[in-house]
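Chemist: Whatever this is, show me its structure:
(one chain, ligands or ions: 1)
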Amino acid sequence: MKEIKINTDSRNYPVLMGTDILNKNNFKEFSHKEILLVIDSKIDESVKKEVQINLSNISSKYSELTIEANEENKSSDTLSMIHDVLIEHSYSRDCILFALGGGIICDITGFAAATYLRGVDFVLIPSTLLSQVDASVGGKTAINHPKGKNMIGAFHQPSKVLTDTKLLKSLEKVRIREGLAEIIKHALIKDKTFFKWLEENIEDLLEGNDVKLLEAISKSIEIKAEVVSKDETEQGIRKWLNFGHTFGHAIEVYGNYKKFSHGEAVAMGMVMATNLSQKILNLEKVEKDKIKRLVHSILTEELLKTEFHPKNLINLMSADKKKKGDNLNFILLSSIGEAQILSGIDESDIIESIKLT
Ligand code: GLY
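Modeler: Below you'll find the predicted structure:
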């Protein structure tokens, strides 16, 4: 078992990582607590049972709620369902919410915890590679608004994160690729050595090699922990974590949240941000080619053939919450491991970068 400490201005908490993290010892500290478990409907039965037994055995009050995790359900209606259970069963301010699922379940449970009785504790048990390296660390909680993704939310840090890689065993390949997009992003913004390691190990990672995956998750969380410990509420360097996301969020909307998953959109967005980095920050061609080679390896042939209408994509970017005033913010690379925040970029340069080659 490995432990990484996340230290932020509002709270310090551990992320426990390994292959037997859901054993009862890691739940002991929650004995005699009022517990609500929010479960992703896609969770493997045996994992669900293990968590249910551990929590119901130790709690003073126990309820659970199963949610079908999709962007439509990341809504105020689902949030109300969680609050309804808490209110109907008179949960006190001392209660604790547990999220067992992917990013959607982590985000909505965190936001329910942030808003119930002005804030109660929560624990995350992320079940996908993407949520293990991203949503479970850093305390961004949110629901969607019909007009935009994650538009309503709060920074609210969990008390503990239990990251068990055995949960990844049943993941389809496409979901591994999604998580790899965010892992590559972490290397690109902060760690050239890790990027090199990813280049050398990408085949094993794509095959789901658990030892290598654990190493990649751990390194990725360390990078994210360092960033959020310096800037919990995204006033400065936390924006680096949005590398590829200004393009990526627009790509998700372009595909109506159906054609491209978040990870695929971010991977495609990273290729575009890399093109823009060469143009604006003179990122060296050899580095640009290395980045593209690695990112292309996690995208399918079919996705790589996607052609975007640049003007339409730019219009969708303008609706993104990552803009500053009327200016779009871009995270660009001067070299692998060195990120910068830029705005005021000419539209013609953005248009030129909208390609996957
Ligand atoms: N997913 C980016 C962040 O947590 O800031």
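Chemist: Quick one: neighbours of whatever residue of the stretch 201-350 of the chain ends up closest to the ligand, just the number.
Modeler: Evaluated by CB to the nearest ligand atom, the stretch 201-350 of the chain has residue 241 as its residue closest to the ligand, separated by 3.8 Å. In this view, the C-beta of every residue, glycine as well, is placed from N, C-alpha and C. As a burial measure, the neighbour count of residue 241 was computed by other CB atoms under 10 Å and equals 25.
Chemist: Now do the SS call for it.
Modeler: Classification of residue 241 into helix, strand or coil gives helix, according to DSSP: H, G, I helix; E, B strand; the rest coil.
Chemist: The ligand contacts on the stretch 1-150 of the chain?
Modeler: Taking CB under 6 Å from any ligand atom, the part of the stretch 1-150 of the chain that reaches the ligand is made up of 134, 138, 140.
Chemist: I misspoke; the intended subject was the stretch 151-300 of the chain.
Modeler: Along the stretch 151-300 of the chain, the residues adjacent to the ligand under the rule CB under 6 Å from any ligand atom are 238, 241.
Chemist: Sketch out the low-pLDDT regions of the stretch 151-300 of the chain for me.
Modeler: For the stretch 151-300 of the chain, not a single residue meets the criterion pLDDT under 70.
Chemist: Show me where it has its strands.
Modeler: If you assign secondary structure with DSSP state E, counting those that start in this stretch, the strands in the stretch 151-300 of the chain sit at 160-164.
Chemist: Just put the residues of the stretch 1-150 of the chain next to the ligand in CSV and tack on pLDDT and neighbour count.
Modeler: Below are these laid out as CSV (pLDDT from 0 to 100; neighbours: other CB atoms under 10 Å):
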residue, pLDDT, neighbour count
134, 97, 28
138, 98, 23
140, 98, 24
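Chemist: Okay, and which of the residues you listed map to strands?
Modeler: Assigned to strands by DSSP state E, the following of these qualify: residue 140.
Chemist: Show me which of the residues of the stretch 1-150 of the chain next to the ligand is closest to residue 255.
Modeler: Of all those, residue 134 has the smallest distance to residue 255: 19.8 Å, by CB to CB.
Chemist: For the closest one, give me its contacts.
Modeler: Contacts here follow CB atoms under 8 Å, 6 or more residues apart in numbering; on that basis residue 134 touches 103, 179, 182, 224.
Chemist: now it: how far from residue 55?
Modeler: Remark: distance between residue 134 and residue 55 (CB to CB, to the nearest Å) = 24 Å.
Chemist: quick one on the thing from earlier: out of the residues of the stretch 1-150 of the chain next to the ligand, which comes closest to residue 168?
Modeler: Taking CB to CB as the measure, residue 134 is the one of those closest to residue 168, at 14.2 Å.
Chemist: number of nearby residues for residue 52?
Modeler: Residue 52 sits with 15 neighbouring residues when counted by other CB under 10 Å.
Chemist: which residues touch it?
Modeler: Contacts for residue 52 (CB under 8 Å, 6+ apart) come out as 37, 64.
Chemist: if I look at it, how far off is residue 171?
Modeler: Between residue 52 and residue 171 the distance is 21 Å, computed by CB to CB.
Chemist: Same question for residue 1.
Modeler: Distance check for residue 1 against residue 171: by CB to CB, it reads 21 Å.
Chemist: coming back round to it: how about the residues of the stretch 1-150 of the chain next to the ligand in JSON lines, adding distance to residue 161?
Modeler: As requested, these are exported to JSON lines (distance: CB to CB, whole Å):
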{"residue": "134", "distance to residue 161": "12"}
{"residue": "138", "distance to residue 161": "10"}
{"residue": "140", "distance to residue 161": "13"}
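Chemist: Among the residues of the stretch 1-150 of the chain next to the ligand, which one sits closest to residue 44?
Modeler: Out of these, the one with the shortest distance to residue 44 is residue 134. That distance is 20.7 Å, counting by CB to CB.
Chemist: that older thread, do I have it right that the residue of the stretch 201-350 of the chain closest to the ligand meets residue 189?
Modeler: Yes. Applying CB atoms under 8 Å, one finds residue 241 in contact with residue 189, separated by 7.1 Å.
Chemist: what residues do the two have in common as contacts?
Modeler: Shared between the contact lists of residue 241 and residue 189 (criterion: CB under 8 Å, 6+ apart) are residues residue 227.
Chemist: show me where the stretch 51-200 of the chain has helices.
Modeler: Assigned helices in the stretch 51-200 of the chain, in chain order: 76-88, 103-115, 129-133, 173-190, 192-206 (criterion: DSSP state H, counting those that start in this stretch).
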